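>>> fold the following, please.
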Amino acid sequence: MAPFSRFLLAVALLPVVQVAAGADRGTRYSGIFSFGDSLTDTGNSLRLAATGSGPSSRPPYGETFFRHPTGRASDGRLVIDFIVEALGLPNPRPYLAGKSARDFRRGVNFAVGGSTALGPDFFHSRGLKPFVPVSFTNQTSWFKDVLQLLGSVHEQRRMMARSLFLVGEIGVNDYLVALGNNTVGVREVRTFVPHIVAAVHSVLTEVIAAGARTVLVPGMIPLGCEPQLLALYRSGDYDRETGCITELNHLAELHNRALNRMLRQLRRAHPGVAILYADLYTAVADFIVSPRKYGFRDEPLAACCGGGKGAYNFNMTAFCGAAGTAACADPSEFVSWDGVHFTEAANRHIACATLKINSPTLLNPWTADAMQRVGCAA
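Just a heads-up that it's a prediction; the model follows:
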């Protein structure tokens, strides 16, 4: 069995979700609060000066579902869109699109495309520059600002207890900032892992202190299967079964092991809080290993949209949405939308996997109605 398959088997045998014994399994949510980067951003990037004119502000982004760009880094919906749909909730308002308590009563999305877990000082001290001036520190500050708008401490805690918190995915950009710099190798980037996990821990501690009782924490994706990194990062070590870069996937696996250790410690410290893990790595890796099983074509490492051609259809100078680039005829046949982000079809499958595994807490039970709303297979 190839190394990639052995890893998937090992993950499948592990308990992915541990629900706190004291958590209320019958909880129904009034809203969702989310933190993260472009895998979760539903519009903040459009309203930030540094990213307002970025790729997701232009066609063909949004073409599949919304029929126009919305700031989502995909042809359509993101994982968070499918989660709120399954739970029967309204989409949380992007933080930068709201002003008053009324805007945020049903939740808030603090995620920003390009955001890092770590602050700029971390990168500057290493001669690196983050993509955007937003990190988890900023998003935590925004969360505190929203809390102040929501009334008394009692009212704040009441709302937090009735909400679902989605903290992540985060960390991809921290690694990309370094991997895109020719002077930083994977060995050094591996030293970022404890710092990134500590930043996630800090956010989790903040929201739990504010009254959160259900938190969903997505892990790292298989970095070595990203078309962008496959096109730009030269390695002699590729997985024979998938064509993914082995050492970058090992970095993602290291991240996920450290993240899960932290989550186990947090569960012990907060037995009354349901702290759930979303295994993005396995969900995406399954597409790469068995693309036809999920309705994807046999080239799962190629981007749908771009001007790079070749095996990965990726070129930073001909990024999706730029002049001379084009989207594929049917994005639902592709895992990757633009070489960095997923298609709506892939996001749907990721959301379905997350909801099914975590259904005892999130949906109780994972009903046929919920599956139908999201379009998940039985």
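
>>> isn't residue 172 up against residue 36?
No - with contact defined as Cβ atoms under 8 Å, residue 172 does not count as touching residue 36 (9.5 Å). All C-beta spots, glycine's among them, are computed from the backbone N, C-alpha and C.

>>> spatially central residue in this structure, please.
Central residue of the chain (Cα atoms, centre = their mean): residue 169, 3.3 Å from the mean position.

>>> chain neighbours aside, what residue packs nearest to that residue?
Closest residue to residue 169 apart from its sequence neighbours, by Cβ to Cβ, 6 or more residues apart in numbering: residue 218 at 4.3 Å.

>>> OK, contacts around that neighbour?
By Cβ atoms under 8 Å, 6 or more residues apart in numbering, the contact set of residue 218 is 36, 39, 79, 166, 168-169, 277-278, 280, 354.

>>> is residue 33 bridged to anything, and to what?
Judged by DSSP bridges, the bridge partners of residue 33 are residue 108, residue 165.

>>> and it, how many neighbours?
The number of residues packed near residue 33 is 24, by other Cβ atoms under 10 Å.

>>> now swap in the one 10 residues further on and tell me
Here the count is done by other Cβ under 10 Å, and residue 43 has 21 residues near it.

>>> again, but for residue 202
Residue 202 has 13 neighbouring residues, counting by other Cβ under 10 Å.

>>> what helix or strand does the nearest residue to residue 188 once chain neighbours are set aside sit in?
In this structure, residue 188 finds its nearest non-sequential neighbour in residue 178, 7.2 Å apart by Cβ to Cβ, 6+ apart. When secondary structure is defined by DSSP states H and E, residue 178 falls within helix 172-179.

>>> any idea how far that helix is from the chain center?
Mean-position distance between helix 172-179 and its chain equals 14 Å (Cα atoms, centre = their mean, to the nearest Å).

>>> ditto for stretch 102-122
With Cα atoms, centre = their mean, you get 12 Å for stretch 102-122.

>>> likewise stretch 185-203?
16 Å.

>>> now swap in stretch 328-342 and tell me
Offset of stretch 328-342 from its chain centre (Cα atoms, centre = their mean): 16 Å.

>>> contacts for it, please.
38-39, 55, 63-64, 73-76, 226-228, 231, 284, 287-288, 291, 295-297, 300-306, 308, 312-314, 319-321, 343-346, 350.

>>> now it: average pLDDT?
Regarding stretch 328-342, the rounded mean pLDDT is 98.

>>> which parts of it are buried?
Burial within stretch 328-342, assessed by neighbour count using 16 or more other Cβ atoms under 10 Å, is assigned to 328, 331-342.

>>> follow-up on the earlier one: of the contacts of stretch 328-342, buried ones?
38-39, 55, 63-64, 73-76, 226-228, 231, 284, 287-288, 291, 296, 300-306, 308, 312-314, 319-321, 343-346, 350.

>>> how close does residue 326 get to residue 55?
To residue 55, residue 326 is 14 Å away according to Cβ to Cβ, to the nearest Å.

>>> just give the nearest non-adjacent residue to residue 309, would you?
Excluding the flanking residues, the one nearest residue 309 by Cβ to Cβ, 6+ apart is residue 315, at 7.8 Å.

>>> what residues are up against the one you found?
Contacts of residue 315 (Cβ under 8 Å, 6+ apart): 231, 306-309.

>>> next one: residue 183, what pLDDT does it get?
pLDDT at residue 183 comes out at 76.

>>> switch to numbering from 45
Sounds good: first residue 45 from here, last item residue 227.

>>> show the backbone phi and psi for the residue lying farthest from the centre of the chain.
Largest separation from the mean C-alpha position in the chain: residue 196, at 31.7 Å (Cα atoms, centre = their mean). For residue 196, the backbone dihedrals (degrees, to the nearest 10) come out as phi -70, psi 170.

>>> pull the CA atoms of stretch 132-150 into CSV?
Coordinates of each C-alpha in stretch 132-150 appear next as CSV, following Å, rounded to 0.1, in the frame of the first residue of the first chain:
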residue,chain,number,x,y,z
GLY,A,132,-31.5,25.7,8.6
LEU,A,133,-29.7,28.9,9.5
PRO,A,134,-29.3,32.2,7.6
ASN,A,135,-25.8,32.9,6.4
PRO,A,136,-23.8,34.8,9.0
ARG,A,137,-23.2,38.4,7.9
PRO,A,138,-19.6,39.3,7.0
TYR,A,139,-18.2,41.4,9.8
LEU,A,140,-17.2,44.2,7.6
ALA,A,141,-20.7,44.4,6.1
GLY,A,142,-22.4,45.0,9.4
LYS,A,143,-22.6,48.0,11.8
SER,A,144,-25.2,47.4,14.5
ALA,A,145,-26.3,44.7,16.9
ARG,A,146,-29.2,43.9,14.6
ASP,A,147,-26.8,43.0,11.8
PHE,A,148,-25.1,40.4,14.0
ARG,A,149,-28.0,38.8,15.9
ARG,A,150,-27.9,35.7,13.7
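
>>> quick one: the strands in the stretch 295-422 of the chain?
In the stretch 295-422 of the chain, the strands defined using DSSP state E, counting those that start in this stretch lie at 318-322.

>>> where does pLDDT dip in it?
408-411 (pLDDT under 70).
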